[in-house]
Every structure is written in structure tokens, then in C-alpha cells.
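Trainee: From the sequence below, what's the structure:
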Amino acid sequence: MRQAGKWSIAAAAGLLAVGLFAGPALAAQTAGVSEEIGFAPVPTHFPAKTPVGPEAGVTDAMLKAGTNDPASWLHYSGDYRGFRYSPIKSLTPAAAKKLKVAWSFPTGTTGQFEASPVIYGGVMYVTTSYNRVFALDAKTGALLWRYDYPLPEGLRVCCGPVNRGVAISGDVVLMGTLDAHLVALDRRTGNIKWNIEIVPFKDGFASTSAPLIVGGKAITGIAGGEYGIRGFFDAYDIATGKRIWRHYTVPAAGEPGSETWTGTSAQTGGAPTWTTGAYDVETDTLFWTTGNPSPDWNGDDRAGDNLYSNAIIAVDPATGARKWHYQFTPHDVWDYDGNSHIFLVDVEIGGKPVKAVVQPNRNGYFYALDRGTGKFLFAKQYSEQLNWAKGFDEAGRPIIDPAAKPSENPEMRVCPGNMGGLNGAWAAAYSPLTGLAYVPSIEGCQRFSKGIAVKMKGLPLLGGMPEALDVNEGKDYGILSAIDVATGEIKWRYKDADPMMGGAMTTAGGVVFSSTLDGHALALDASTGAELWRFRMGGAGRGQPVAYEAGGKTFVAIPSGGWSTITGLSGGPLSIPDGGHLFVFTADE
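Mentor: From the prediction side, this is the model:
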């Protein structure tokens, strides 16, 4: 049931205001009633009474092997390449039609349930909104331990109290928090190993995505592009929590790239790093993406390309030194974050083998770059509607339509809108068997208004706001596109009445899993896009599916649970209640 409504400047401003009281919002769910009636406070930490899971920890070799072991899912994306591909051959189209609920588990929180579960040694580690961590028996769903991170008041979160998952290494699982901390927990007991502050959250920062483990280091980025931060991503020693290096995504005065900012605009330049990167084992290269420059919709005071916003950056994981960069949207004034999913693929382009990095960007284009040099190979439109640019020059720079830029009295209907396309809040998937990337995305256009940008530390720095034209008129919808990564050509599309904002996962058996905003888990044929199966989970589909084997059975886990503020802003059904729930399915008897 879709519900019409006006979503414009006031609504989006309210979305940002939520970030200033997200902490107390969760406390009100539990502590408020207890204090009023006089009950004792509810505990927030439930360690395991006896250690769970195998004694042997996760090794570097295991992390490099990715999903080769079908009993494990060790990275946010399954492997270092970002594939979100399961090698389980038994998850075929025929098997998908027989899927039924094996078990389910509630999160006890509202807000988007965007996590990608991690599985190791028969234990599933899953995070929720408001930084809860659960360790569950992967076969039965039994609770093994639980940790609710104590959040302060006054959080600075742009777009919901989300967390997208843990990283795992050795005997620890690691989680970034909404108050910009990095926490390491003992994977067998849930006890705290260490807890460090990444940066003061009140300056506009939050940590929302899963870290990436590379060579004994936890690599993690930061959110805050709507708060005028100076973006960065860090490497931390897993054993101690000590920071090893920091790579700033906005240059200081005199550094390369500083000439692309005017005046002092770089000091509040944005370029957040709020998604999980990828790692090329062969060349020992780490890839990380960056988001919008600040302020979002008024670029008058930041003339220039605004490096290294809306870019992909290749770095040495030992030192954080930059090897190369490519900027997707120079001088972005539409909030086209470059943080969407990336894949490291080996393909043939023009008859020659190429080691590429590809990305379906939030701006509606599918990019291919040489991952050794950053050389632009091609960019092809994957969004059905796109008009902010008219193509690319030979160097890979977009040719922008000036009429699409925000103005005080905008007239042009600009496509895509500021939420995408694909958005970094959910993942795409890639199958090395089909050579196709599977990309859930939004089809909806907006009108962009330019306004005054007032710089105050820790407060939103927007300089305007989009008006959701298609949402207001009921014209928005969703698609899941199958894209040939070697050419950028669309092989098939699956269309949904609502924007598709749930992540994707694909299998060696030829199935693509995703979910919908009206609360359905979904299985599609990877070759044709034909719908094979759907199940009503209830809550909006915003999480990342994973597949694994445990106790002789094959399972597919799909999170359910949205946040009506974001759902409404994107054009989804407002009638569906918030609240997270994890569903785990099997086709086995």
C-alpha cells in the first residue's frame, strides 16, 4: 500500500534533524517505561557463559579465500573483490522455489536493518540499528551472546541509526558505532577487548559500515558528509586498537588537490568514506570510495573539482599512501555520493584482458576503470532515467548539462535523484559465472534547490535541498538490473512498484536474492531475471542477503526492517511498520 505525500525541503530537513536525537530514541524504547514505573534498568550486555564457536580463529588465509568455504561468510561482501557471490551450487532456481523459513530472530530496534551477517564456525554475527551485536547459532538461531553498545545523546547521523555489519579476524569481531568509535569484541564470549574513539562525534561524525580486515589491520571509513566534516579513512591494529595511518580525502593547504578548492572551503569539504572498500590481494592495493563535497547543493563557495570527493582512491594498505584516484562526479552539486558498491573483476575489453574495478554509481552511470592505473575505460548509463550529464569526454570527465544544476528557482526535473541509482546503503552482487552485476536501484527524479549554506561545526551544512517530484506524483519505482561488466550493457531488468533498496547476493546455482520495500524476500533467475520466489517478511527490505551451510543444510539469511522517514523520502510504502527482524530460509528438509 503506497501512500502519497509531499516530500520536499521541509521533509528532508527533518530527516537530518533526526540525527541530533537518535541516541535518546532507542533509550526511550527501554529505559523510559522502566524509570516511570520504577523497574530496574534493562541490562545491555549478555556475554556467553561458556565460549562459543571454534577455538581456532579466523586467519589471513581464510579472509583471502573469501566464500570458498560455503560454511563461512567472512566479509561484508563475502570476499575481498566485493562479489557477494556464494559458491553453493545447490541454491538453484528449482531449490529457490522450495525455500521456507528455518528460523527468525528479532532485533528489538527500529531504524533500517541494513546489516550483512558474518558467519564463522557455525556462529552468525549480526549487527542492528543503534549498534546492537548478536551472536546466533547459524543453524537454529539460538542466541549465544548479545552486546548493546551504550550510545550517548546528540548523535550526528544523517540518514538513520544504521550499522551494516561487523568485521572478523582472529578471535575478535569489530563494529563501528554511531558515536564514531571502533569496538572489538571477543567473538566467543562477546566481552569487550578494546574500544577507541575514531574522532569526536559531535563534530558531525558517525561510523556506520563494516570495517575491512587487511593484513592485521581494520580499515574503516567515516560518515558525516552532510555536516561539513573533513573526510578520511583509517587503519587500526586489530590486536591493540592503535591507529596505524589516516588517509584524508580532502587535502590540506598546499597538498595535491588543494587547488581544486577555493578559499577555505576545503576545511568543511566533506568527502565521507561511509561504505566498505575492496582489496586486490595480487597487487596489495586497497580501494576506498568517497562521498559528496560539502555543502551538498550549493557549490558557489567551493569552485573547482573538489578532490577527492565522489571518487575512488587506490592506496597502499601498509601506509595509506595514495597510488591513484578517479573522480566520478567532479564538483558534485546533486549529492551523488561515489560510495556505492565496487567490484574487482578480470574481464576482456576490446579483445584484451583487463584487470578492472567497476562500479554502478549513484549518479546513474556504470563505470569501468583499469584497477592498476585508474585509467578510464568506459561509463554506460544503467539508470533508466538520466539527464544531469550528456556523456563523457575521452579523459572520462562527465559533460554536464548546466540546466541540471541547483538554482534558487529550479525548473528542470533532474535524473537520477540524490538517492540514486544504486546507493551505498545497500549492496550489489556479481557472478563470475554469468559475468553480470546485479544492481538494485531507485528510479526517481527530483528538482534541486540552491540555498544559503551556514557553517557551524557539528550542524548540517546543506546549501539547499531536493524536491522529490516523482515521489510526490507517484512516478517513482525500482529496478534490479543485470549488467554485463565487460560492456556496461543491460541484459535484463526486474521492475518493482517501489524503489529497490535491499542488497543483492547471487549463487553458483544461478539465483539472485534481494528484497523489496513492501516487505518481501525475493529470488530471481540469474540468467533471465524471472521471479522464482517471494516471501512476505513484513518489514521493509533494506538488508544484505548472505548464504551459508551449517549442520548439513544450506541457508539464506535476509534482514527485514526499514525506517519510515527514509522509506517515505524515497517513495516507498509508509504503512509498513518499522522494526528489525532477521529471516533465515532453507530448501532442505
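
Trainee: Quick check, central residue of the chain?
Mentor: Nearest residue to the geometric centre of the chain (CA atoms, centre = their mean): residue 425, 3.3 Å.

Trainee: ok, that one - contacts?
Mentor: Shown in contact with residue 425 (CB atoms under 8 Å, 6 or more residues apart in numbering): 112, 114, 159, 162, 164, 501, 542. Bear in mind the C-beta positions are built from the backbone N, C-alpha and C, glycine included.

Trainee: Give me the pLDDT for the third one.
Mentor: Think residue 159. Looking at residue 159, its pLDDT stands at 92.

Trainee: number of nearby residues for the nearest residue to it once chain neighbours are set aside?
Mentor: Nearest non-adjacent residue to residue 159, counting by CB to CB, 6 or more residues apart in numbering: residue 566, 6.2 Å away. For residue 566, the count of nearby residues is 22 (other CB atoms under 10 Å).

Trainee: One more: residue 123?
Mentor: 23.

Trainee: who does it bridge with?
Mentor: Residues in a beta bridge with residue 123, per DSSP bridges, are residue 120, residue 137.

Trainee: Would you mind confirming that it makes contact with residue 142?
Mentor: No. Residue 123 lies out of contact with residue 142 (CB atoms under 8 Å); the separation is 10.3 Å.

Trainee: who touches both of these two?
Mentor: Common neighbours of residue 123 and residue 142 (CB under 8 Å, 6+ apart) are residue 136.

Trainee: With residue 120 as the reference, measure out to residue 56.
Mentor: 10 Å (CB to CB, to the nearest Å).

Trainee: And for residue 58?
Mentor: When residue 58 is compared with residue 120 (using CB to CB), they lie 6 Å apart.

Trainee: And residue 112, by the same measure?
Mentor: Counting by CB to CB, the separation of residue 112 from residue 120 is 25 Å.

Trainee: So between residue 56 and residue 120, which is more surrounded?
Mentor: Shown here are residue 56 and residue 120; by other CB under 10 Å, residue 120 has more neighbours (22 against 10).

Trainee: wait, that one sits on residue 67?
Mentor: No. Contact criterion CB under 8 Å: residue 120 and residue 67 do not qualify, at 11.9 Å.

Trainee: how about the helices in the chain?
Mentor: Ranges of helices in the chain, per DSSP state H, are 9-17, 22-37, 60-65, 93-96, 469-473, 564-570.

Trainee: I'd like the average pLDDT over the longest one.
Mentor: Per-residue pLDDT values across helix 22-37 average out to 50.

Trainee: list the contacts for the closest residue to residue 365 other than its chain neighbours?
Mentor: Closest residue to residue 365 apart from its sequence neighbours, by CB to CB, 6+ apart: residue 379 at 4.4 Å. Contacts for residue 379 were tallied using CB under 8 Å, 6+ apart; they are 365-368, 392, 396, 398, 488.

Trainee: Specify the beta-bridge partners of residue 379.
Mentor: Beta bridges link residue 379 to residue 367, judged by DSSP bridges.

Trainee: Can you give me the separation between it and residue 299?
Mentor: Taking CB to CB, one finds residue 379 at 21 Å from residue 299.

Trainee: ok, now residue 492?
Mentor: Counting by CB to CB, the gap from residue 492 to residue 299 is 37 Å.

Trainee: quick one, which of the two is more surrounded?
Mentor: Between residue 492 and residue 299, residue 299 has the larger neighbour count (other CB under 10 Å), namely 24 against 17.

Trainee: hang on, isn't residue 222 packed against residue 229?
Mentor: Yes. Contact criterion CB under 8 Å: residue 222 and residue 229 qualify, at 7.2 Å.

Trainee: okay, and the common contacts of the two?
Mentor: With CB under 8 Å, 6+ apart, residue 222 and residue 229 have common neighbours 205, 272.

Trainee: quick one, what contacts the spatially closest residue to residue 206 that is not a sequence neighbour?
Mentor: Of all residues not flanking residue 206 in the chain, residue 223 sits nearest, at 4.5 Å (CB to CB, 6+ apart). If a contact means CB under 8 Å, 6+ apart, then residue 223 has 157-158, 205-209, 272, 274 as its contacts.
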